[in-house]
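Asker: Give me a model of this one.
(one chain, ligands or ions: 1)
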Amino acid sequence: ARTLRLILGDQLDAGHHWFKTNDVNVTYVIAELHQEAHYTTHHIQKICGFFAAMRRFAMALKQANFNVVYLTLDDTSNDKSLPELIQRLCHEYQCDCFEYQRPDEYRLAIQLADMVLMHTRVHCIESEHFFLPFEEISTYFTKNKHITMEHFYRKMRKRFNILMNGDFPEGGKWNFDNENRKKLKKADLTDIPAPLLFDYDIRDIVQRIKKHKIATLGQLQHPFIWPTSRAEAHQLLHYFCRYLLPNFGKFQDTMTANSAHKWSLYHSRLSFALNTKILSPSEVIRSAVAAYKNHPSTISIAQIEGFVRQILGWREYIRAVYWVNMPDYRTYNTLNAKRDLPPQFWTGQTKMRCLQHAITQSLEYAYAHHIQRLMITGNFCLLTGIHPDQVDNWYLGIYIDAIEWVEMPNTRGMTQFADNGIVATKPYAASGNYVNKMSDYCGDCHYNVKEKTTETACPLNSLYWHFMITHRARFATNPRIGMVYRNWDKQDEITKQHTLTRAQYYLDNISSL
Ligand code: FAD
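Answerer: Residues are numbered from 1 along each chain as shown. This is a model prediction of the structure:
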């Protein structure tokens, strides 16, 4: 009896129990699939990253004497879909058993669950990647219901005994946000460490992408800078623990235009290695906590807690929201947003300096850090009422780490409030004041962040009020927002009218902002 095992591009987990023993009757398949390259328009670096990581994973398995079939786009160009390929391979390798790990994307989970194979048994097994077992998601989460991230996170801390002293949180508090989230001052700028970059040769992959006419967006970096092997991912993790973790939480929410390393700052850039499962979340947390224990004078509790919260808290939370709410989640559009995403999102050509920085670096590196995604591009789409399908599509394509399970609740939920508050209890809507507080973008922007109604007023200022007033009936009863409306009501009628007129002008001319 022979078994075929499928390894998807985001299942490159050398620690999975599949690889604990080597059975000569098992053949592993890793394939560059046309359906995966086409389901959205991806950033060129994203496709290169996945294919390079898949190839290197296959090579590592071969070196360890596993039977591995690696198929390129050339080899799979006649297979119309993943099930067709599986059917062909089962026949070719005479397998009477097919096994796959549970996909993290709804699209693939359904496609594989619906697959019918002749004379072949099919087994779906766990991927073993996340802290929270899949079947327990519904004991913590309910469809269409907001669950507070903070509560979920504390339960995870206790359950997995991370940063705990018995029943109490290490450092005496669960949350150190107040000590974090500082703005970078001029003197801090020269201290930002250079990001650790790699240099894997991807020329043949690029050629294949071109040969098969796969549409892509964004720019290529030669050589390839993202980690695509386990050794590189480990290097990046250790580099992070040593040089970036000491300031991770402190500068987590800040943005700057004035450093050569403005695109990476103190962020780990581990999301690609995590989402492809080259690294497991538990080993990332273990390494970071070990660094904190070994270097208490450089890494404070506020820094390590801030980092653990992202991975044990947010990442697990977002994945649970996705699964408990799919497939309906992808259709939610609570605020009835309808506008098209303007062309600047594909060119970076805009007079708004914040937007220009966030988009340009996304096109250049397939990367933007969280606050850029949330409070710059996300906030702009929220305030201007861009259709969430288009917002999702852009985020899903452009980022190296974008896989639907993590992209969609962050985008449609956290930034666009399209899920009616399943993720966020209030919309993350901000005027120029927030951008000015957390960044140095506004200084030499074409627009003036202090103005609201003039011809050069920062568009975010009037758009913010336009958004809040448009959705007043929905948000006025929210105790976290009520104050905003009282501030609006205090303004004189002329100012209010001019503000809304300016916003309408910007909306009507959104492509030339
Ligand atoms: P760091 O700042 O170093 O954080 C460490 C790790 O924490 C990340 O690698 C990630 O695994 C985890 N993390 C932090 N915040 C989140 C979060 N909100 N959700 C899930 N994990 C989190 N993350 C993705 O991995 N893929 C996406 O497609 C994606 N799309 C996003 C879209 C929007 C609109 C927003 C607001 C956020 C999105 N995020 C996404 C979450 C977050 O922005 C990225 O995980 C992070 O920027 C990746 O960079 P990093 O590895 O340097 O993260």
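Asker: hey, where'd the strands end up in the chain?
Answerer: 3-6, 26-31, 42-43, 67-71, 97-101, 121-125, 164-165, 168-169, 216-217 (DSSP state E).
Asker: phi, psi of the closest residue to residue 36 other than its chain neighbours?
Answerer: Excluding the flanking residues, the one nearest residue 36 by Cβ to Cβ, 6 or more residues apart in numbering is residue 9, at 6.5 Å. Just so you know, the C-beta spots here come from the backbone N, C-alpha and C atoms, and that holds for glycine as well. Dihedral angles of residue 9 (phi, psi; degrees, to the nearest 10) stand at phi -60, psi -20.
Asker: Quick check, residue 9 in contact with residue 55.
Answerer: No - here residue 9 does not reach residue 55: they are 10.4 Å apart, not a contact under Cβ atoms under 8 Å.
Asker: Mutual contacts of the two, please.
Answerer: residue 30 (Cβ atoms under 8 Å, 6 or more residues apart in numbering).
Asker: Please work out how many residues are found near the residue in the stretch 51-200 of the chain that the ligand sits nearest to.
Answerer: Nearest residue of the stretch 51-200 of the chain to the ligand: residue 149, at 9.1 Å (Cβ to the nearest ligand atom). Using other Cβ atoms under 10 Å, the number of residues around residue 149 comes to 18.
Asker: If I look at it, what pLDDT would I see?
Answerer: Residue 149 is assigned a pLDDT of 98 by the prediction.
Asker: before we move on, what about the one 10 residues further on?
Answerer: The model reports residue 159 with a pLDDT of 98.
Asker: Please apply the same query to residue 211.
Answerer: 98.
Asker: next one: residue 179
Answerer: 88.
Asker: Name all residues that make contact with the residue nearest to it when sequence neighbours are not counted.
Answerer: Nearest residue to residue 179 in three dimensions, chain neighbours excluded: residue 302, at 4.4 Å (Cβ to Cβ, 6+ apart). Residues near residue 302 by Cβ under 8 Å, 6+ apart: 171, 176, 179, 180, 249, 250.
Asker: Can you lay out those residues as JSON lines showing distance to the ligand and neighbour count?
Answerer: Formatted as JSON lines, the contacts of residue 302 follow (distance: Cβ to the nearest ligand atom, whole Å; neighbours: other Cβ atoms under 10 Å):
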{"residue": "171", "distance to the ligand": "19", "neighbour count": "14"}
{"residue": "176", "distance to the ligand": "15", "neighbour count": "20"}
{"residue": "179", "distance to the ligand": "17", "neighbour count": "16"}
{"residue": "180", "distance to the ligand": "12", "neighbour count": "20"}
{"residue": "249", "distance to the ligand": "10", "neighbour count": "26"}
{"residue": "250", "distance to the ligand": "12", "neighbour count": "20"}
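Asker: Including distance to residue 95, could the residues you listed go into a markdown table?
Answerer: Shown next, in a markdown table, are the contacts of residue 302 (distance: Cβ to Cβ, whole Å):
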| residue | distance to residue 95 |
| --- | --- |
| 171 | 53 |
| 176 | 52 |
| 179 | 56 |
| 180 | 52 |
| 249 | 49 |
| 250 | 53 |
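Asker: wait, the residue of the stretch 51-200 of the chain closest to the ligand sits on residue 316?
Answerer: No - when contacts are counted by Cβ under 8 Å, residue 149 is not listed as touching residue 316 (9.6 Å).
Asker: List, one by one, the residues from this structure near the ligand.
Answerer: Within the chain, the positions near the ligand by Cβ under 6 Å from any ligand atom are 267-271, 274-275, 310-311, 314-315, 318, 369-370, 373-374, 378, 395, 399, 401-402, 406-407, 410-411, 414-415.
Asker: can you count the residues close to residue 142?
Answerer: When neighbours are counted by other Cβ under 10 Å, residue 142 registers 12.
Asker: I figured it hits residue 320, correct?
Answerer: No - at 10.5 Å, residue 142 does not count as touching residue 320 under the criterion of Cβ under 8 Å.
Asker: and the residue lying closest to the residue of the stretch 51-200 of the chain closest to the ligand once chain neighbours are set aside, what does it touch?
Answerer: Spatial nearest neighbour of residue 149, chain neighbours left out: residue 317 (5.0 Å); criterion: Cβ to Cβ, 6+ apart. By Cβ under 8 Å, 6+ apart, residue 317 lies in contact with 147, 149, 152, 153.
Asker: do the same with residue 172
Answerer: No residues are in contact with residue 172 under the rule Cβ under 8 Å, 6+ apart.
Asker: Residue 301 versus that one, what's the distance?
Answerer: 9 Å (Cβ to Cβ, to the nearest Å).
Asker: any idea how far the ligand is from the residue nearest to residue 348 when sequence neighbours are not counted?
Answerer: Leaving aside its sequence neighbours, residue 348 sits nearest to residue 360 (Cβ to Cβ, 6+ apart; 3.7 Å). Separation of residue 360 from the ligand (Cβ to the nearest ligand atom, to the nearest Å): 16 Å.
Asker: isn't residue 360 right next to residue 350, touching?
Answerer: No - here residue 360 does not reach residue 350: they are 9.3 Å apart, not a contact under Cβ under 8 Å.
Asker: higher neighbour count, those two?
Answerer: residue 350 (24 against 18).
Asker: Need the phi and psi values for the more buried one.
Answerer: Taking degrees, to the nearest 10 as the convention, residue 350 sits at phi -150, psi 150.
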